[in-house]
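Colleague: Requesting a structural model of the entry that follows:
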Amino acid sequence: MYVVKRTVKGKDYYSLRKSVREDGKVKSKFICYLGKDKNEAYKKAVEVEERIKNGEDVSGFLKSSGNVSVIDDYERTEISIEDLANFCKDKGFCYRSSDIYGGYSGFWDFGPLGVELFNNIKKDWWDFFVRSRDNIVGMEASVISHPKTWEASGHVSNFNDLMIFCKKNNNFFRADHLIEDVLGLNVEGKNKDEILDIFLLKRDKFINAGYILEDELKTLNLMFKTGVGALSDEVSYLRGETAQGMFLDFKLIMQTSRMKLPFGIAQIGRCFRNEIAPRDFLFRSREFHIGEFEFFINKDEKECDILTDVYKGVRIKLLDSETQVKDSTELRETTIGEMLNEGRLEPWHAYWLSEQVLWFNSIGLTEIKIREHMKDELSHYSSATFDIDYEYSFGSKEVAGNANRGQYDLGQHEKSSGISMKVFDEKYKNKEIPRVIEPTFGMERVFLGILTKAYCYDKNRDNVILRIPGKLAPIKAAVFPIVKQPEYIEMSENIVRLLRSEFNVVYDKSGSIGRRYSRNDSIGTPYCITIDEKSIEGKDVTIRDRDTTLQIRVKVKDLLNIIKRLINKEINFKSAGKLVETRVKEEVKEKVDEVVKEEVKEEMNEVETEDNEKEEKSDIVKEEIFEDNKDGK
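Modeller: Numbers count the residues shown, from 1 in each chain. As a prediction, this is how the structure comes out:
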């Protein structure tokens with residue numbers, strides 16, 4: 001056995017391999033991933049070798065190292081937010097805006113792949129929450145509305161963050177984020193005086209961390225001001241949320257769409273917040289998209305007739321308010337129905353929270369958690385709020401939320417405008433201001449969650465695989481002619497035209513098949529279609545599955561329907577066509593060689609020897625484990 005070091009983008013990775021004779025040749029076989037530290041890698045390698053020699057079961061050892069799965073870690077490749085940002089730039093998903101001028105903090109541009117993925121996420125959200133329902137309609141409000149809108153809503157007076165000035169860095173920092181970074185404390189719900197006391201009492205710890213802070217907190221309003229008119233004499237604001245546009249147009253939309261209570265208004269749109277310190281890539285930026293809807297209900301409506309047992313039975317992991325009061329973050333498994341019985345939320349609130357969980361499940365983000373807001377951290381408009389959190393590489397953070405806004409917003413706008421917001425409800429025969437349930441989603445945060453979960457490193461293919469759900473993938477299929485002869489190219493181009501009637505498809509004829517597979521695996525393309533010598537005569541093609549590398553053969557006339565059904569998970573890949581026997585070893589070797597050339601910029605040949613086991617030269621650093629190296633040094 002021997003240790004192999006791979007250097008990828010300046011970082012060293014160690015793995016354990018052994019030579020195995022196959023078909024008269026000696027092949028290099030992967031045993032396990034050993035980590036990034038050389039000394040630790042050798043220690044693990046020696047222990048694995050000893051256990052194998054003694055006939056011991058090593059599966060448990062290989063699967064655990066400091067409570068982290070060695071094999072799973074290598075395959076999943078948990079990626080830092082900085083590395084994910086670099087990956088997104090390299091592949092054309094997302095990069096900083098105004099890059100040629102050094103970027104502009106808090107603003108991002110979506111590239112060719114990113115805009116496709118982002119649009120697919122938005123479309124799936126819209127289909128799930130709007131188009132599939134009779135009780136929700138859509139709208140798109142202006143980014144700028146009358147300034148009285150934001151005065152009435154409370155944003156001008158209440159939409160603030162606390163910040164503190166650092167004399168050493170000559171910069172302001174958001175107070176709660178700095179406390180979390182240095183002390184590891186969550187100060188949500190604490191008032192200005194309580195937060196200042198933390199800075200004063202823990203002054204030494206902040207100094208040791210490199211911050212020399214002033215003894216006062218200042219307030220920054222997050223609303224972006226803008227001038228309106230030729231002389232810019234009227235100050236307005238870029239919207240800080242999409243909700244207010246739906247409140248302003250509530251009565252008009254109810255009338256023109258002939259809706260009756262209860263019903264909802266939805267939109268996805270850009271919002272702007274003057275964040276003190278944008279950070280964590282797309283997670284906290286100054287321009288972003290919110291997808292949300294306001295669901296209007298008669299104030300006397302206590303029951304939800306569509307809250308069936310199916311929705312009550314939706315299982316979640318909950319961090320309730322009582323647990324947080326004890327300074328604990330322990331989650332408990334429960335159901336929406338149990339939360340309802342405990343009085344944490346009312347029926348309509350429960351219904352929409354369960355629908356949010358079901359949507360996240362449908363796009364593969366099944367690891368979400370629900371956090372109940374404590375009473376002292378509720379927004380000025382909310383009587384009950386739940387955060388939906390996702391475990392990013394930088395911690396468990398909010399990706400969506402659900403607030404019971406009551407009658408607050410419509411009541412405020414009625415008071416400010418002098419226009420009645422009351423509507424007649426035929427069921428209750430009364431005219432009242434409706435109450436509101438508001439499910440809301442940070443669309444860039446969903447985008448970030450999808451990429452975080454999808455990113456993994458496949459040890460067998462030696463390549464990044466982006467396992468994006470098929471329905472969200474920026475490119476649904478790639479079409480490859482196996483050679484550049486006219487009849488192959490003509491057939492390939494015809495297939496591309498056929499598929500483009502339904503999907504975003506790419507045509508790629510450059511490089512080896514292995515290299516083309518690798519390129520598409522790394523950007524999330526779920527299916528690769530190859531036109532080979534059998535295709536010309538048989539009018540059929542092979543489809544390769546990204547996640548399993550299995551291949552099936554199908555007729556061209558059935559291709560569009562099969563791809564569509566595969567993307568929608570209506571059929572299993574193995575049953576969609578005739579399974580193809582592939583030369584797995586040669587395919588893997590070709591992919592490894594091509595990906596290394598492209599990504600690492602160094603050549604690597606598979607370790608092979610003839611009967612005399614004379615090994616070929618390779619740029620892999622290979623070091624044998626000898627008996628005298630048992631100390632792991």
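Colleague: Residue 86: what secondary structure?
Modeller: helix (DSSP: H, G, I helix; E, B strand; the rest coil).
Colleague: swap that for residue 376, sorry
Modeller: The three-state assignment at residue 376 reads helix, by three-state DSSP.
Colleague: For it, which residues are in contact?
Modeller: When contacts are counted by CB atoms under 8 Å, 6 or more residues apart in numbering, residue 376 touches 189, 190. The C-beta positions use only the backbone N, C-alpha and C, and glycine is treated the same way.
Colleague: can you do 6 Å?
Modeller: residue 189 (CB atoms under 6 Å, 6 or more residues apart in numbering).
Colleague: Quick check: pLDDT value at it.
Modeller: Turning to residue 376, the model gives it a pLDDT of 82.
Colleague: now it: how far from residue 322?
Modeller: The spacing between residue 376 and residue 322, counted by CB to CB, to the nearest Å, is 14 Å.
Colleague: Check residue 369 too.
Modeller: 16 Å.
Colleague: Neighbour count: those two, which is higher?
Modeller: Neighbours per residue, other CB atoms under 10 Å: of residue 369 and residue 322, the larger number sits with residue 369, 17 against 10.
Colleague: In the sheet, which residues pair with the more buried one? Tell me.
Modeller: Counting by DSSP bridges, residue 369 is bridged to residue 389.
Colleague: was I right about it contacting residue 317?
Modeller: Yes. Using CB atoms under 6 Å, residue 369 is in contact with residue 317, at 4.6 Å.
Colleague: In contact with residue 245: list those residues for me.
Modeller: residue 141.
Colleague: quick one: secondary structure of it?
Modeller: Classified using three-state DSSP, residue 245 is helix.
Colleague: gap between residue 560 and residue 575?
Modeller: In this view, residue 560 and residue 575 are 18 Å apart by CB to CB.
Colleague: Could you do residue 363 as well?
Modeller: Distance, residue 363 to residue 575, using CB to CB: 24 Å.
Colleague: swap in residue 388?
Modeller: With CB to CB as the criterion, residue 388 and residue 575 are 35 Å apart.
Colleague: and what of residue 470?
Modeller: Per CB to CB, residue 470 is found 16 Å from residue 575.
Colleague: Neighbour count for these two, which is higher?
Modeller: The neighbour comparison of residue 470 against residue 575 (other CB under 10 Å) goes to residue 470, with 21 against 8.
Colleague: Could you tell me whether that one really is in a strand?
Modeller: No. Residue 470 sits outside any strand when classified using three-state DSSP, being coil.
Colleague: so what pLDDT did it get?
Modeller: For residue 470, the pLDDT comes out at 97.
Colleague: And for residue 395?
Modeller: 89.
Colleague: same thing with residue 383?
Modeller: Taking residue 383 on its own, its pLDDT is 81.
Colleague: list the contacts for it?
Modeller: Contact analysis of residue 383 by CB under 6 Å, 6+ apart lists 404, 406.
Colleague: What separation is there between the nearest residue to residue 44 once chain neighbours are set aside and residue 3?
Modeller: Sequence neighbours aside, residue 34 is the residue nearest to residue 44 in space, at 5.0 Å (criterion: CB to CB, 6 or more residues apart in numbering). The gap separating residue 34 from residue 3 is 7 Å, by CB to CB.
Colleague: between the two, what contacts are shared?
Modeller: Taking CB under 6 Å, 6+ apart as the criterion, residue 34 and residue 3 both touch 14, 45.
Colleague: what about these two, which has more around it?
Modeller: Ranked by neighbour count (other CB under 10 Å), residue 34 and residue 3 place residue 34 first, with 24 against 21.
Colleague: Okay, and that one sits in which element?
Modeller: Element membership for residue 34 (DSSP states H and E) is strand 25-35.
Colleague: can you check residue 359 too?
Modeller: Per DSSP H and E, residue 359 falls inside helix 347-362.
Colleague: Over to residue 565?
Modeller: For residue 565, the element it lies in under DSSP H and E is helix 556-567.
Colleague: what comes up buried for that helix?
Modeller: Under the neighbour-count criterion of 16 or more other CB atoms under 10 Å, helix 556-567 has 556, 559, 560, 562, 563, 566, 567 buried.
Colleague: Tell me how far the residue nearest the centre of the chain lies from residue 545.
Modeller: The chain has residue 449 as the residue nearest its centroid, 1.5 Å off, counting by CA atoms, centre = their mean. Going from residue 449 to residue 545 by CB to CB gives 23 Å.
Colleague: Also residue 345?
Modeller: Residue 345 sits 41 Å away from residue 545, going by CB to CB.
Colleague: These two: which is more packed in?
Modeller: For residue 345 versus residue 545, the count of surrounding residues by other CB under 10 Å is larger for residue 345: 21 against 17.
Colleague: and residue 396, what helix or strand is that in?
Modeller: Element membership for residue 396, per DSSP H and E: strand 395-406.
Colleague: buried set for that strand?
Modeller: Going by neighbour count (16+ other CB under 10 Å), the buried part of strand 395-406 is 396, 397, 399, 400, 401, 402, 403, 404, 405, 406.
Colleague: so what does that strand touch, helix or strand wise?
Modeller: Other elements packing on strand 395-406 under the criterion 3 or more CB pairs under 6 Å, 6 or more residues apart in numbering; DSSP states H and E are strand 384-392, strand 435-442.
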